[in-house]
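Novice: A structural model of the following input is requested.
(2 chains)
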There are 2 protein chains.
Amino acid sequence: MTKATFPLAPGATIGILGGGQLGRMLALAAAPLGFKAHVFAPEADSPAFDVCAVHTVAAYGDEAALAAFAASVDVVTYEFENVPVETVRFLEARVPVRPGSKALDVAQDRLKEKRLARDLGAMTAPFAAVDTGADLERAIGAIGLPAVIKTTRFGYDGKGQAKIAGAGDVAAAFAAMKGAPAILEGFVTFDREVSVVAVRGADGAIAAFDVTENEHRHHILHRSVAPAAIAPAVAEQALATAARIGAALDYVGVFAVEFFVVTSHEGETVYVNEIAPRVHNSGHWTLGGAATSQFEQHIRAVAGWPLGSVARLAPMVEMINLIGDDAHDWARLAAEPGCLLQLYGKREARVGRKMGHVTRLIQAEHQFPGTNARAAVDKAI
Amino acid sequence: MTKATFPLAPGATIGILGGGQLGRMLALAAAPLGFKAHVFAPEADSPAFDVCAVHTVAAYGDEAALAAFAASVDVVTYEFENVPVETVRFLEARVPVRPGSKALDVAQDRLKEKRLARDLGAMTAPFAAVDTGADLERAIGAIGLPAVIKTTRFGYDGKGQAKIAGAGDVAAAFAAMKGAPAILEGFVTFDREVSVVAVRGADGAIAAFDVTENEHRHHILHRSVAPAAIAPAVAEQALATAARIGAALDYVGVFAVEFFVVTSHEGETVYVNEIAPRVHNSGHWTLGGAATSQFEQHIRAVAGWPLGSVARLAPMVEMINLIGDDAHDWARLAAEPGCLLQLYGKREARVGRKMGHVTRLIQAEHQFPGTNARAAVDKAI
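Specialist: Residues are numbered from 1 along each chain as shown, chains lettered A, B, ... in the order given. Below is the predicted model:
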């Protein structure tokens, strides 16, 4: 074990597993607090490498590289939940890892995730564990059809999933799981999707940004707006659920909980859809739109620092993802007054690839007129 | 010459001469626009190296290193005005340099600087060129005593200066110039010091942040506040003067003009004190306190991009430098809600060394209450 003392003093090095845009924005947030970033990622052209003090290109299973990484940093964090739990456990034996393997283990397993939410009193889509054909028959009996069967682990972007519309689909859907542990989930009819991006400090303190409303296109987040246009009581329900999840996972850092907003005859309520043990796309609006960004909050938490203010800086803040060719629009976006551009430094604008995002502070631009700076300047020319 | 096309597209590389905190914050501002930064500096432990894609450690006179640097970047800029003009001229023959050697040449010469201001109709302290003893006698006759004699070039922090309180000081003061071209300046009685941080685009467009009021301690900037508490007409005078200076220098990028605010029987007026051809300490409040920071504005300008919004984000914004041991106070500052901490990653907190700064948005914190995020979270625990 290294002898890092928390809170970490400026000058310490934060190790980051993963070199994509989330790792990049974490590294950019570490610098103003006086920390160096060491990014570990398997891809040689990782966007985060351009903004960190040190980087390592190696596979997540490369124990020699991991040991050297652990020895060179004061704490390790990760940018996404598909880092192998074994990698995190290997590092945990050598250096503090925040959040640790417990959160990762739950977030990588749909069944554990759903059970955690349910055990904390939150609503979820109806679900049941499916290991055998008999399990599946029972689960369908309880949940009904249509439903969807998913492998419990490492499903991503529709992989390892099969929809079961009617009895004729059951055998093929079960076969598609290839014997892996699975979960059957019923469908939920929802009005909108919201998320809570929260941060929990090493001391158990917790804070959350305003509930954010999310709009997807082609199963990719397109737009987030804060605050969500939901009743205060529903927002409180979502925030309280997120806080309970953070505490149950003994979590340190930023995490997100995605919810469906469901309307019944009793009014609106929220269902937990997914838990993400990391900074989250639906929290990107906080970069420039909140007093402290989710990236700085995460660095503060993993460094053992006090959490920052979660205050929103405008009546409404909007974030729009730049997907694939959207990023070619940079010149127009750069010319739009008050439009905060964040490009991720990725070389190739592939279809569906997140290339950047823009944030707009709605109505903030006109709140505090200056001393006619531009008018005076115009007059002088 | 390289074949860089302006505006530079994301993915291009910005070369930065100088690796101190200004180069560091420029590199951090380049990243969100999708640019890579290549920092060139003589010191191996330059703070900017921790946040850039590529760095070169070499002397400013190392032509082989400069040629390789020029070949690897799309545009060059510099973080401070003490880069040798010869270095910039060498690079200009190979790659666009913004701002170019003209601005540097003027800013490095107190006499050229004062004459430029005077020729543009701005007030300055009374001054006269002094090359010989006879020049000095004439100058004292015109300006009176007390006065101060300074070498025209490379004076910094009181070096190359001598105060002349009475006739008995003249000979020693002149000798202290060691034959270098000098300037005699009269004293100006002023109420306060303000500055304008402005940005001029490659297309000649100009914008300026609010006039900022500056408070020095031990000849080092201690605190800046925007907007300055001066009459709108005086602010306009300062802004218009800055705009004329920018145009006269055919300037591209961020620059600062420091002014004395002088009260006479005719009211307040501003005197030009100094021109800084770079991002400026008195503009640090814009990082988190304005819609676009001075660092992003500079990157936008040198990349040929449109300028960003200069809107202030709060009724008042305060910046306080952390000098030397002040930086040891990081834990207290990190715990202060809404206090934006910016540490420069310097290892050793020497006396008088700028280690970081904090920015506070006064009254912004309470402007837009959220959906009771913290209250709901507290209730859940």
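Novice: Please count neighbours and contacts with C-alpha atoms only from this point.
Specialist: Will do.
Novice: So, low pLDDT: which residues of the stretch 251-381 of chain A?
Specialist: A:364-381 (pLDDT under 70).
Novice: mind running it again at 80?
Specialist: Applying pLDDT under 80 to the stretch 251-381 of chain A flags residues A:363-381.
Novice: just so I have it, where are all the helices in it?
Specialist: For the stretch 251-381 of chain A, the helices defined by DSSP state H, counting those that start in this stretch cover A:286-289, A:294-302, A:330-334, A:373-380.
Novice: ok now the longest one, how far from the chain's centre?
Specialist: Which is helix A:294-302. Offset of helix A:294-302 from its chain centre (C-alpha atoms, centre = their mean, to the nearest Å): 13 Å.
Novice: That helix packs against which elements?
Specialist: On a contact count with 3 or more C-alpha pairs under 8 Å, 6 or more residues apart in numbering or on different chains; DSSP states H and E, helix A:294-302 meets helix A:21-30, strand A:192-200, strand A:253-264, helix A:286-289.
Novice: do the same with the first one
Specialist: With contacts defined as 3+ C-alpha pairs under 8 Å, 6+ apart, the secondary structure elements packing on helix A:286-289 are helix A:294-302, strand A:354-362.
Novice: Please name every helix or strand in contact with the last one.
Specialist: Applying 3+ C-alpha pairs under 8 Å, 6+ apart, one finds that strand A:354-362 makes contact with helix A:286-289, strand A:316-323, strand A:339-343.
Novice: 7 Å - rerun?
Specialist: Strand A:354-362 is packed against strand A:316-323, strand A:339-343, with contacts defined by 3 or more C-alpha pairs under 7 Å, 6 or more residues apart in numbering or on different chains; DSSP states H and E.
Novice: one step back: of the helices and strands packed on helix A:286-289, flag the one that's most buried.
Specialist: Most buried of these, by mean neighbour count (mean count of other C-alpha atoms under 10 Å in any protein chain shown): helix A:294-302, with a mean of 28.
Novice: what angle sits between that one and strand A:253-264?
Specialist: If you take axes from the mean of the first three to the mean of the last three C-alpha atoms, to 10 degrees, helix A:294-302 sits at 120 degrees to strand A:253-264.
Novice: Which residues are in contact with the residue most central in space within chain A?
Specialist: Centroid check for chain A by C-alpha atoms, centre = their mean gives residue A:280 as the closest residue, at 2.4 Å. With contact taken as C-alpha atoms under 7 Å, 6 or more residues apart in numbering or on different chains, residue A:280 is in contact with residue A:256.
Novice: do residue A:295 as well
Specialist: Residue A:295 makes contact with A:25, A:26, A:29, A:279, according to C-alpha under 7 Å, 6+ apart.
Novice: again with residue A:190
Specialist: Applying C-alpha under 7 Å, 6+ apart to residue A:190 gives the contacts A:260, A:261, A:262, A:263.
Novice: What of residue A:162?
Specialist: By C-alpha under 7 Å, 6+ apart, the contact list for residue A:162 reads A:148, A:149, A:150, A:173.
Novice: partners of it in the sheet?
Specialist: Note on residue A:162: beta-bridge partners residue A:149, judged by DSSP bridges.
Novice: what does residue A:124 give?
Specialist: Under DSSP bridges, the beta-bridge partners of residue A:124 are residue A:272.
Novice: wait, it sits on residue A:272?
Specialist: Yes: at 5.1 Å, residue A:124 counts as touching residue A:272 under the criterion of C-alpha atoms under 7 Å.
Novice: who has more neighbours, the two?
Specialist: residue A:272 (23 against 20; other C-alpha atoms under 10 Å in any protein chain shown).
Novice: most residues in a single helix of chain A, which one?
Specialist: When chain A is parsed with DSSP state H, its longest helix is helix A:232-248.
Novice: and it with strand A:253-264, angle?
Specialist: Using the same axes, to 10 degrees: helix A:232-248 against strand A:253-264 is 140 degrees.
Novice: tell me which residues of helix A:232-248 are tucked away?
Specialist: Buried residues in helix A:232-248, defined by neighbour count with 16 or more other C-alpha atoms under 10 Å in any protein chain shown: A:234-247.
Novice: Might you report the residue contacts of residue A:146?
Specialist: Going by C-alpha under 7 Å, 6+ apart, residue A:146 touches A:164, A:165, A:166, A:186.
Novice: can you tell me the residue of the stretch 51-200 of chain A closest to chain B?
Specialist: Nearest to chain B, among the residues of the stretch 51-200 of chain A, is residue A:53, at 4.0 Å (C-alpha to the nearest C-alpha).
Novice: Tell me the confidence at that residue?
Specialist: Listed pLDDT for residue A:53 reads 97.
Novice: surely it meets residue A:34?
Specialist: No: judged on C-alpha under 7 Å, residue A:53 makes no contact with residue A:34 at a distance of 11.7 Å.
Novice: any idea how far residue A:210 is from residue A:239?
Specialist: Counting by C-alpha to C-alpha, to the nearest Å, the gap from residue A:239 to residue A:210 is 8 Å.
Novice: next one: residue A:233
Specialist: Distance, residue A:233 to residue A:210, using C-alpha to C-alpha: 13 Å.
Novice: Likewise for residue A:329?
Specialist: Counting by C-alpha to C-alpha, the gap from residue A:329 to residue A:210 is 29 Å.
Novice: residues near residue A:202, how many?
Specialist: Neighbour count for residue A:202, taken as other C-alpha under 10 Å: 23.
Novice: ok, it - contacts?
Specialist: Going by C-alpha under 7 Å, 6+ apart, residue A:202 touches A:252, A:301, A:304.
Novice: which SS state does residue A:83 fall under?
Specialist: Following DSSP: H, G, I helix; E, B strand; the rest coil, the label given to residue A:83 is coil.
Novice: Count residues in the vicinity of it, would you?
Specialist: Neighbours of residue A:83 using other C-alpha under 10 Å come to 17.
Novice: try residue A:266
Specialist: 6.
Novice: go on, residue A:30?
Specialist: A count of nearby residues for residue A:30, using other C-alpha under 10 Å, gives 27.
Novice: May I have the residues that are in contact with it?
Specialist: Residues near residue A:30 by C-alpha under 7 Å, 6+ apart: A:36, A:37, A:296, A:299.
Novice: do the same with residue A:300
Specialist: Neighbouring residues of residue A:300 by C-alpha under 7 Å, 6+ apart: A:306, A:307.
Novice: Can you give me every residue that contacts residue A:308?
Specialist: With contact set as C-alpha under 7 Å, 6+ apart, residue A:308 has these partners: A:292, A:297, B:337.
Novice: what's it sitting at in phi/psi?
Specialist: phi -90, psi 180 (degrees, to the nearest 10).
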